[in-house]
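Undergrad: coords below, sequence missing:
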């Protein structure tokens, strides 16, 4: 099972394996205070795509399409997430304020469609 959580929320035992999937370190969080198993920077959207999207819900569908295209070229980067998900719960950590239109939501959807 893959679930999503903002980095600003407390870590819980049932979070399972926790992956930060942002290219940039989240504002206001000390590196030593974030409970995570790995920071997979390359799982986040490219700087160009992130800046183009700018968390605009009107661009959401196109963002998902472009992000999926980027992820298609980085299958190896997603392997730790897939491997952990086969053995238990995985929590993808993100920093966006928008809980519906962010890279974690898009990545979870992508992983659901591309299970191999």
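TA: Nice, thanks for sending it over. Since the structure is predicted, the reported quantities are computational estimates derived from the model, not experimental observations. Residues are numbered from 1 along each chain as shown.
Undergrad: helices of the chain, start to end?
TA: Using DSSP state H, the helices assigned to the chain run over residues 47-53, 60-72, 79-87, 103-113.
Undergrad: out of those helices, nearest to residue 30?
TA: Among those, the nearest to residue 30 by Cβ to Cβ is helix 103-113 (20.9 Å). Bear in mind the C-beta positions are built from the backbone N, C-alpha and C, glycine included.
Undergrad: show me what that closest one is in contact with.
TA: In this structure, residues lying in contact with helix 103-113 by Cβ atoms under 8 Å, 6 or more residues apart in numbering are 2, 4, 21-22, 43-45, 50, 63-64, 67-68, 71, 78, 81-82, 85, 92-94, 96, 99.
Undergrad: most tightly surrounded among the helices of the chain?
TA: Per-stretch averages of neighbours, counted by mean count of other Cβ atoms under 10 Å, single out helix 103-113 among the helices of the chain, with a mean of 18.
Undergrad: that one vs helix 79-87, what angle?
TA: Here helix 103-113 points in a direction 60 degrees away from that of helix 79-87 (axes from the mean of the first three to the mean of the last three Cα atoms, to 10 degrees).
Undergrad: same question for helix 103-113, mean pLDDT?
TA: Averaged across helix 103-113, pLDDT comes to 95.
Undergrad: got the angle for it vs helix 60-72?
TA: Taking the same axes, to 10 degrees, helix 103-113 and helix 60-72 form an angle of 60 degrees between their directions.
Undergrad: and helix 103-113, how far from the chain's centre?
TA: Computed by Cα atoms, centre = their mean, to the nearest Å, the separation of helix 103-113 from the middle of its chain amounts to 8 Å.
Undergrad: go on, stretch 67-82?
TA: For stretch 67-82, the distance from its own C-alpha centre to the chain's C-alpha centre is 11 Å (Cα atoms, centre = their mean).
Undergrad: can you check stretch 25-32 too?
TA: Relative to where its chain is centred, stretch 25-32 has its mean C-alpha point 16 Å off (Cα atoms, centre = their mean).
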